[in-house]
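[1] next input, structure requested:
(2 chains)
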Amino acid sequence: MRPFAFALCSALLVCCGLATAQAADEYAYDGVHSSVSFKARHLDISWIHGRFNQVEGKFTIDKADPTKSTFELKVHADSVDTGNKARDEHLRQPDYFDTKQFPFIEFKSTSTKVVKDGYEVMGDFTMHGVTKKVTLLLQGGKEIEFNKKKIVAFATEVKLKRSDFNFDKSQIGLIGDEAIILIDCEGVRN
Amino acid sequence: MPDPRLFVLALVVAAVVSLLIVRAAAGLPRDAAARVGRWRWAAWLGLLAGVAAGWDRLGYAVPWPPATGLDRLLLVVLPAVLLLDLLVGAGVFDGLAGGVTKVLRRGAMGWLPAVMLGLVSMVVPLVLLWGSVYLARGMDDQTLSGQGALLLASGSLLGLGGVSLQRLSRQPAGYTVPISLMLALLSAGGCILLGGYIKGGAFAFPLAGVLLGGLLATIARLSKPVCPQERTEVYRVLVTLGSVSLYGVLLVGCAFGRLPGGRALLVGLAPLLGWITEWPRLRFGAARWIPWVKMTVIVVPLGLALVAAKRDFERTLGPLVGLQSNVPLPGDAP
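    Predicted coordinates for the structure are as follows:
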């Protein structure tokens, strides 16, 4: 009886393990169909829009236990693009993003909660060498299959103050302190 | 757009604070033997207090922890140079220097001082570029040998340039060396500002201010003249601080801002043109002309660098702040 019981337990454990592995789907950030953009006030009367052209990321979605889902995003600050070459060069300098010293803007989730129409993700947001806790409300999460690949998408926007991230305060005025970051992200299952 | 009056004010505040502290500390009555050492302490104390006052006048907070190259120049490099200079003055390294001298007398390892100088000079760029893409492997196609070459070349400029300026400051009209470093700092600050790095350019102004304050301190004690050794000591400290500051501001402006390398070299090497009057073939007859000739040959490249920076500003950043550009961009239709 004992060998049988051992075999049964082993089989159950393996099955449980496989089930867990299958439940957590890993997705890679699809750079072609995603975007990380931002807008900030100019002279407090209009908005300047820009985007980051080089972004990496991955996320895992655990259907069995959504709170174990994780989200990571890594933005190459050097790839900032506002449609004006001179302004982009200016934004790369230390008065703004200081891309030679702080080449990446990163988000790493620390906890995930399921909410209506998506997830509420808390995590560490690092920009300009400063890390702050930020909560993102990821809307979406609908899965589809396209060309035999599983695809999922989320959208979120978050308001940040540049002064919270140690940006040069003397440069806040012409361009507003607050910036709105918009993330539209498609993930392709690995 | 920053207010240029703020930079001038920071320069003046830094100059006044350093002048007052250097004069007050060096003027305390003591025995003559301690005078030169006292001037060294007074000069460093006054200069760094002036830098701090100027930085404060610019409206910047103490950058702690020092995360950027400019922060490390202010909080790590300049205090470390002060400490090292004071330790050398106190004779802490005399034993080490004696050992090196013995080795040299035996005729072996004649390159040792040069290697030591090189190593010390490499530490400053290493600190300034710490944590940046320049020292991160796998980024910006940087290889280990490339990083080493960058540090070596950059550090050599600081080491050799600094030693050369110290020697020049002991020649006739030695006071022109701190003046030339001050002008070079102003030119560097202007070029970096016009390139769009406001904080980096602004920092050059209090640095130039303390050189001015230190120089004034050596001539302001008219009732009780400063002896030549004391004056030489202040010049030495001014040249040390000026060389490291100029190098630091240019490296930070070049590495993190938009200061072109060629322009940084032009500004950084301009004070060395003061050697022109020491060249036998160009030795000038009347001693009173030497300072004027020196300053003229130094000011010309510094002015050219500023003119080029202004032209670039008008072409690139000017339109962003509402200035009409009269300079065509490359590729623009005629």
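[2] so where do the strands sit in chain A?
    Ranges of strands in chain A, per DSSP state E, are A:24-29, A:35-42, A:46-52, A:55-62, A:70-76, A:80-81, A:104-115, A:118-127, A:130-146, A:149-161, A:175-189.
[3] ok, the second one: who's next to it in the sheet?
    Which is strand A:35-42. Strands adjacent to strand A:35-42 in the sheet, as given by DSSP bridges, are strand A:46-52 (antiparallel), strand A:175-189 (antiparallel).
[4] kindly report the same for the shortest one.
    Strand A:80-81 sits in its sheet next to strand A:46-52 (antiparallel), going by DSSP bridges.
[5] what is the burial count for the closest residue to chain B within chain A?
    For chain A, the residue positioned closest to chain B under C-beta to the nearest C-beta is residue A:86, at a distance of 4.1 Å. For every residue, glycine as well, the C-beta is placed using N, CA and C. Other residues near residue A:86 come to 20 when the count uses other C-beta atoms under 10 Å in any protein chain shown.
[6] which residue is the nearest non-sequential neighbour of it?
    In space, not counting the residues next to it along the chain, residue A:86 is nearest to residue B:316; the distance is 4.1 Å by C-beta to C-beta, 6 or more residues apart in numbering or on different chains.
[7] tell me the pLDDT at the one you found?
    Residue B:316 carries a pLDDT value of 88.
[8] next: residue A:148.
    You'll see residue A:148 listed with a pLDDT of 87.
[9] in the helix or strand harbouring residue B:252, what counts as buried?
    Element membership of residue B:252, judged by DSSP states H and E, is helix B:228-255. Of the residues in helix B:228-255, those buried under the neighbour-count criterion (16 or more other C-beta atoms under 10 Å in any protein chain shown) are B:230-255.
[10] and what of stretch A:64-76?
    Of the residues in stretch A:64-76, those buried by neighbour count under the rule 16+ other C-beta under 10 Å are A:69-71, A:73-76.
[11] list the contacts for the nearest residue to residue A:42 once chain neighbours are set aside?
    Distances taken as C-beta to C-beta, 6+ apart place residue A:48 nearest to residue A:42, at 4.8 Å, with adjacent residues excluded. Contacts for residue A:48 were tallied using C-beta atoms under 8 Å, 6 or more residues apart in numbering or on different chains; they are A:39-42, A:82, A:175.
[12] returning to that earlier point: and the helix holding residue B:252 with chain A, contact?
    Yes. Contact of helix B:228-255 with chain A (C-beta under 8 Å from any C-beta of the partner chain) involves residue B:255.
[13] residues in contact with the residue nearest the centre of chain A?
    In chain A, the centroid-proximal residue (C-alpha atoms, centre = their mean) is residue A:73; its distance is 3.8 Å. With contact taken as C-beta under 8 Å, 6+ apart, residue A:73 is in contact with A:29, A:36, A:55-57, A:106-107, A:183, A:185.
[14] residue B:178 too?
    Contact analysis of residue B:178 by C-beta under 8 Å, 6+ apart lists B:169, B:211, B:214-215, B:235, B:238-239, B:242.
[15] what does chain A put close to chain B?
    A:84, A:86-87, A:89-90, A:93-95, A:98-101, A:103, A:129, A:166, A:168-171, A:174.
[16] mind giving me the ChimeraX command for buried ones among the residues you listed?
    Of those, the buried ones go into a single ChimeraX selection, burial set by 16+ other C-beta under 10 Å:
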select /A:86,87,89,90,93,94,95,98,99,100,101,103,166,168,170,171
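[17] narrow the residues of chain A next to chain B to those in helices?
    Among these, DSSP state H puts A:86-87, A:89-90 in helices.
[18] pull the most distant pair out of the residues you listed.
    The span of these, defined through C-beta to C-beta, is set by A:87 and A:89 at 7.3 Å.
[19] what count of nearby residues applies to the residue in chain B that chain A sits nearest to?
    When distances are taken as C-beta to the nearest C-beta, chain B approaches chain A most closely through residue B:316, which lies 4.1 Å from it. Around residue B:316 there are 22 other residues, counting by other C-beta under 10 Å.
[20] picking up where we left off before, winner for burial among the strands paired with strand A:35-42?
    strand A:175-189 (a mean of 18; mean count of other C-beta atoms under 10 Å in any protein chain shown).
[21] give me the local confidence score for the closest residue in space to residue A:90 that isn't next to it in sequence.
    Ranked by C-beta to C-beta, 6+ apart and with sequence neighbours excluded, the top spatial neighbour of residue A:90 is residue B:196, at 4.5 Å. Here, the pLDDT recorded for residue B:196 equals 91.
[22] for residue B:196, phi and psi?
    Residue B:196 has phi and psi values of phi 110, psi 0 when expressed as degrees, to the nearest 10.
[23] what ranges do the helices span in the stretch 51-200 of chain B?
    Taking DSSP state H, counting those that start in this stretch as the criterion, the stretch 51-200 of chain B contains helices spanning B:69-72, B:78-89, B:94-105, B:112-128, B:144-169, B:176-194, B:198-219.
[24] residues of the stretch 51-200 of chain B that sit close to chain A?
    In this structure, the stretch 51-200 of chain B approaches chain A at residues B:59-60, B:67-70, B:131-134, B:136, B:139, B:195-200, judged by C-beta under 8 Å from any C-beta.
[25] just the buried ones from the residues you listed?
    Under a neighbour-count criterion of 16+ other C-beta under 10 Å, the subset of those counted as buried comprises B:60, B:67-70, B:132-134, B:195-200.
[26] least confident secondary structure element in chain B?
    Within chain B, judged by mean pLDDT, DSSP states H and E, the helix or strand with the poorest mean is helix B:94-105; its value is a mean of 57.
[27] part of a strand, is residue B:21?
    No. Checked against DSSP: H, G, I helix; E, B strand; the rest coil, residue B:21 lies outside a strand; its state is helix.
[28] please name the nearest non-neighbouring residue to it.
    Distances taken as C-beta to C-beta, 6+ apart put residue B:46 closest to residue B:21, at 3.5 Å, once the chain neighbours are dropped.
[29] check residue B:59 too.
    What sits nearest to residue B:59 in space, not counting adjacent residues and going by C-beta to C-beta, 6+ apart, is residue A:170, at 6.2 Å.
[30] pretty sure the one you found contacts residue B:7?
    No. Residue A:170 sits out of contact with residue B:7 when judged by C-beta atoms under 8 Å, with a separation of 11.7 Å.
[31] local confidence estimate at residue A:18?
    Taken from the predicted model, the pLDDT recorded for residue A:18 is 44.
[32] now swap in residue B:108 and tell me
    On the pLDDT scale, residue B:108 is placed at 45.
[33] again, but for residue A:23
    Residue A:23 is assigned a pLDDT of 62 by the prediction.
[34] okay, and for chain A, where does confidence drop off?
    Flagging of chain A using pLDDT under 70 yields the residue ranges A:1-23, A:173.
[35] go again using 80 as the cut-off
    For chain A, the stretches with pLDDT under 80 are A:1-23, A:168-174, A:190.
[36] can you check chain B too?
    For chain B, applying pLDDT under 80 flags the ranges B:1-2, B:24-42, B:85-122, B:137-152, B:172, B:218-233, B:279-289, B:321-334.
[37] between the buried residues of stretch A:64-76, which is closest to residue B:298?
    For the buried residues of stretch A:64-76, the minimum distance to residue B:298 (C-beta to C-beta) is 41.5 Å, reached by residue A:76.
[38] how far away is the closest residue in space to that closest one that isn't next to it in sequence from residue A:78?
    By the measure of C-beta to C-beta, 6+ apart, the closest residue to residue A:76 outside its immediate chain neighbours is residue A:54, 3.8 Å from it. Residue A:54 sits 7 Å away from residue A:78 when distances are taken as C-beta to C-beta, to the nearest Å.
[39] and the two? which has more neighbours close in?
    Neighbours around residue A:54 and residue A:78, counted as other C-beta under 10 Å, are more numerous at residue A:78. The numbers are 19 against 14.
[40] so that one touches residue A:104, yeah?
    No. In this structure, residue A:78 sits apart from residue A:104 without contact. The criterion is C-beta under 8 Å, and the distance is 9.1 Å.
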